[in-house]
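Novice: Let me see the structure of the following:
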Amino acid sequence: MGWFRWQRRDARGVLALSLAAILVACASSAGAPSTTGQNPSAQSPEPQRTLVIGSWGEPAGLASVPVRDSGNSVRAATRLFNAELQLQDAVGNAHPYLAEANPRLNTDTWQVFPDGRMETRYQLRPNLTWHDGTPLAAEDFVFAWQVYSTPEFATTSISIKQMEEVLAPDNRTVVIRWRSSYPEADALFETFQALPRHILGQYLRDGDHDGLVNHAYWTVEYVGLGPFKLVRWEPGSFIEGAAFDGHALGKPKSARVLIKLIAEESAIFTNVLAGEIHFAPKGLRFEDGKNLKRDWSSNQRGLVVFIPIQPRFIQVQLRPEVAQPRAMLDVRTRRAFAHAIDKKSLNETLFDGEPAGADTFLYRGVPDYAEIERSVTRYPYDLRQTEQLMAEVGYVKGSDGFYTSEAGERFSTEFWGDVGPQFELDHGAVSGGWRQAGLETRATYVAPAQLRDGQFRSSFKGMYFTATGTGTAPSLVLASTAAIPTVANRYNGSNRGGWSSPEFERLWEMHNTTLDRSERTRALAEIERLISTDLPFLMVFHNFHVVAYSANLKGPDTRGERDLMYWNVHEWELM
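Specialist: Below you'll find the predicted structure:
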């Protein structure tokens, strides 16, 4: 416990430095608009009544469904500039968006055939256009499916992988034929988007895949269908959008929006407290949120919401040609490490005892969570179990307290983590506990610029402490064989440790194809049992997603646990 108490004091020291920075930031803001975290050579537009959203880090692109591993995504950004067939609200309900209505099972709009295949039909709203004024046609969805189903692009979208064919009988009708029954056919939120044929079509026709992937369309020349259209993207500084008159659900109430790109995670807190950001969906640490809430409780300047939703876990390298030491390939070694994670102390250190510890990827808001959780194999903190398991694989504690082989070689493995104060604090807390247990790891931190390099990110030799998206599909798709980064798929995919399990594939296919809820629940329970037994990933906790926004901003939806407060961003308004 001594290491954890020290780390806690260190966290308070970091906070003290942040508070000192606030005084400087507030003082500078009295004279001129601050450019904290921005490129000083690229001044952002005068905010005035512009809705300002803070983003820690810069998105790799603006598409809901990218054509390559994006590394860093900013979900608020994809929501601003995109619209799909359906829209998911904060509590998970599906609303028609580009489509006039959602398909209904056992009607002409959702048919299940005797051979198990399906067909769904979507009627587009009339007079829809792209941001550049080009009419949206059903053929744009056909084109998107052709792009995303091209093997070189290897999308991880489960919805697209289940599609057998997409057709356009007329300009406003999209027909999707499914390889098998698919229960999410009426919930195509950010898993399938149209793509503009008039911009990208020629590249696919010419087979110029590099030209398509590298086109500026995906970034600074993005043309979408969402509530805001891109006005300007100044790399490293800001992304500016203007209300789109042709938005499917009506023109947004905010005339302008500015995504302020902030390189330093701590600067998000500084900017929010200084009143320079109206909405901060990413980059605030748990400590930041507590201090904001305490500061704002007296003056009613804003609201802070804590959502324990983002899985923080450790990927283990399981490709024999990469893993070092090879003992990591033995499940007993992985279990030894799992028993040496003191989740209770981590919660006390990082979250003041809040219940963030987790044994499963799934968060508590998933339907039938209690039934699924019962299937999980748990590894309570027990250094006797660690010692026994390490002995079984040939390592015993030496005189220096570290595990050593019979040949006298100390057990040591790489332990990667992402750069950033919160990430490094989490990483240090876990590795510090392991070190006290006699398990030596060597720290390597992955810089933001390296997050886009799929080949590099899959080259770790031991373990990688990282995070995944919220919800069932984003969390578990990383276990799929199809998500293993390879040369063939341009190193796309988040299964960077290369775990492969035919049993997982069978269960995942069952979950994604059966329409029976109880069968889907049983499949998820078996998946969690399988993962927690074989341990390709070590679950650590569900990180608190801290969201803060100004009291004069009306519209963010705080009803649910989900990371979806900005689903109705077109209705947000500064008062």
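
Novice: quick one, what contacts residue 143?
Specialist: 194, 195, 197, 200, 201, 204 (C-beta atoms under 8 Å, 6 or more residues apart in numbering). From N, CA and C alone the C-beta is placed, and that goes for glycine too.

Novice: hmm, try it at 6 Å
Specialist: Going by C-beta atoms under 6 Å, 6 or more residues apart in numbering, residue 143 touches 195, 197.

Novice: can you confirm it is in a helix?
Specialist: Yes - counting by DSSP: H, G, I helix; E, B strand; the rest coil, residue 143 is part of a helix.

Novice: What distance do you get for residue 265 to residue 157?
Specialist: According to C-beta to C-beta, to the nearest Å, residue 265 and residue 157 sit 29 Å apart.

Novice: Compare these two and say which is more crowded by neighbours.
Specialist: A direct count of neighbours by other C-beta atoms under 10 Å for residue 265 and residue 157 places residue 265 higher, at 22 against 19.

Novice: gap between that one and residue 569?
Specialist: 23 Å.

Novice: Repeat that for residue 454.
Specialist: 30 Å.

Novice: Residue 478 too?
Specialist: Taking C-beta to C-beta, one finds residue 478 at 28 Å from residue 569.

Novice: Please enumerate the helices of the stretch 451-575 of the chain.
Specialist: 454-457, 472-476, 502-513, 517-534 (DSSP state H, counting those that start in this stretch).

Novice: what does the shortest one rub up against?
Specialist: Think helix 454-457. By C-beta under 6 Å, 6+ apart, helix 454-457 touches 69, 450, 485, 491, 492, 496.

Novice: Now residue 335. Its backbone dihedrals?
Specialist: phi -70, psi -30 (degrees, to the nearest 10).

Novice: For residue 414, give me its contacts.
Specialist: Residue 414 neighbours (C-beta under 6 Å, 6+ apart): 442, 444, 460, 461, 462.

Novice: same thing but at 10 Å, please
Specialist: 317, 323-324, 328, 441-444, 459-464 (C-beta atoms under 10 Å, 6 or more residues apart in numbering).

Novice: With residue 520 instead?
Specialist: Contacts of residue 520 (C-beta under 10 Å, 6+ apart): 183, 367, 368, 472, 510, 511, 512, 513, 514.

Novice: mind running it again at 7 Å?
Specialist: Residues counted as contacts of residue 520 (C-beta atoms under 7 Å, 6 or more residues apart in numbering) are 183, 511, 514.

Novice: now do residue 110
Specialist: So residue 110 contacts 103, 104, 120, 185 (C-beta under 7 Å, 6+ apart).

Novice: among those residues, which ones are buried?
Specialist: Buried residues within these, counting neighbours by 16 or more other C-beta atoms under 10 Å: 103, 120, 185.

Novice: Tell me which of the helices of the stretch 451-575 of the chain is the most buried.
Specialist: helix 472-476 (a mean of 20; mean count of other C-beta atoms under 10 Å).

Novice: The stretch 51-200 of the chain: strands as residue ranges?
Specialist: 51-56, 86-88, 94-96, 110-112, 118-123, 163-170, 173-178 (DSSP state E, counting those that start in this stretch).

Novice: list the buried ones in the longest one?
Specialist: When you say that, I think you mean strand 163-170. Under 16+ other C-beta under 10 Å, the buried positions of strand 163-170 are 163, 166, 167, 168.

Novice: Going by distance to residue 285, which of these wins?
Specialist: Using C-beta to C-beta, residue 163 is the member of the buried residues of strand 163-170 that lies nearest residue 285, at 39.6 Å.

Novice: List the beta-bridge partners for that closest one.
Specialist: residue 178 (DSSP bridges).

Novice: could you dump the buried ones among the contacts of residue 110 to CSV with distance to residue 110?
Specialist: Below are the buried ones among the contacts of residue 110 laid out as CSV (distance: C-beta to C-beta, whole Å):
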residue, distance to residue 110
103, 4
120, 5
185, 7
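
Novice: could you dump these to CSV with distance to residue 93 and pLDDT?
Specialist: Formatted as CSV, the buried ones among the contacts of residue 110 follow (distance: C-beta to C-beta, whole Å; pLDDT from 0 to 100):
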residue, distance to residue 93, pLDDT
103, 15, 96
120, 18, 97
185, 16, 89
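
Novice: between those, which is nearest residue 419?
Specialist: residue 185 (39.4 Å).

Novice: Surely that closest one and residue 103 touch.
Specialist: Yes - shown here, residue 185 and residue 103 form a contact pair, counting by C-beta atoms under 7 Å, at 6.3 Å.

Novice: Find residues that contact each of these two.
Specialist: 110, 120.

Novice: Near residue 175, how many other residues are there?
Specialist: 17.

Novice: roughly how far apart are it and residue 98?
Specialist: 15 Å.

Novice: could you pull out the strands for the stretch 401-550 of the chain?
Specialist: Under DSSP E, counting those that start in this stretch, the stretch 401-550 of the chain gives strands at 403-405, 412-418, 440-446, 463-467, 537-550.

Novice: With distance to residue 391 and mean pLDDT added, can I get the ones you listed in a markdown table?
Specialist: A markdown table is the format used below for the strands of the stretch 401-550 of the chain (distance: least, C-beta to C-beta, whole Å; pLDDT from 0 to 100):
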| stretch | distance to residue 391 | mean pLDDT |
| --- | --- | --- |
| strand 403-405 | 9 | 96 |
| strand 412-418 | 17 | 95 |
| strand 440-446 | 17 | 94 |
| strand 463-467 | 21 | 92 |
| strand 537-550 | 20 | 88 |
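
Novice: out of the ones you listed, nearest to residue 258?
Specialist: Using C-beta to C-beta, the strands of the stretch 401-550 of the chain put strand 537-550 closest to residue 258, at 13.8 Å.

Novice: hey, C-alpha coordinates of the closest one in CSV?
Specialist: Only the C-alpha atoms of strand 537-550 are listed here, as CSV (Å, rounded to 0.1, in the frame of the first residue of the first chain):
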residue,chain,number,x,y,z
PHE,A,537,-6.7,-9.2,-22.0
LEU,A,538,-6.5,-8.3,-18.3
MET,A,539,-9.4,-6.1,-17.3
VAL,A,540,-8.4,-3.4,-14.8
PHE,A,541,-11.3,-0.9,-14.4
HIS,A,542,-13.9,1.2,-16.2
ASN,A,543,-12.4,4.6,-16.4
PHE,A,544,-14.7,7.5,-15.4
HIS,A,545,-15.7,9.4,-18.5
VAL,A,546,-15.8,13.0,-17.1
VAL,A,547,-18.0,15.4,-19.0
ALA,A,548,-18.2,19.1,-18.1
TYR,A,549,-20.3,21.9,-19.7
SER,A,550,-21.2,25.4,-19.0
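
Novice: Now do stretch 358-373: distance from first to last residue.
Specialist: For stretch 358-373, the first-to-last residue distance is 10 Å (C-alpha to C-alpha, to the nearest Å).

Novice: Tell me the one among the contacts of residue 110 nearest to residue 247.
Specialist: Of the contacts of residue 110, the one sitting nearest to residue 247 (C-beta to C-beta) turns out to be residue 103, at 22.5 Å.

Novice: The closest one reaches residue 121, doesn't it?
Specialist: Yes - Residue 103 is within contact range of residue 121, at 6.4 Å (criterion: C-beta under 7 Å).

Novice: Mind listing the shared neighbours of these two?
Specialist: residue 109.
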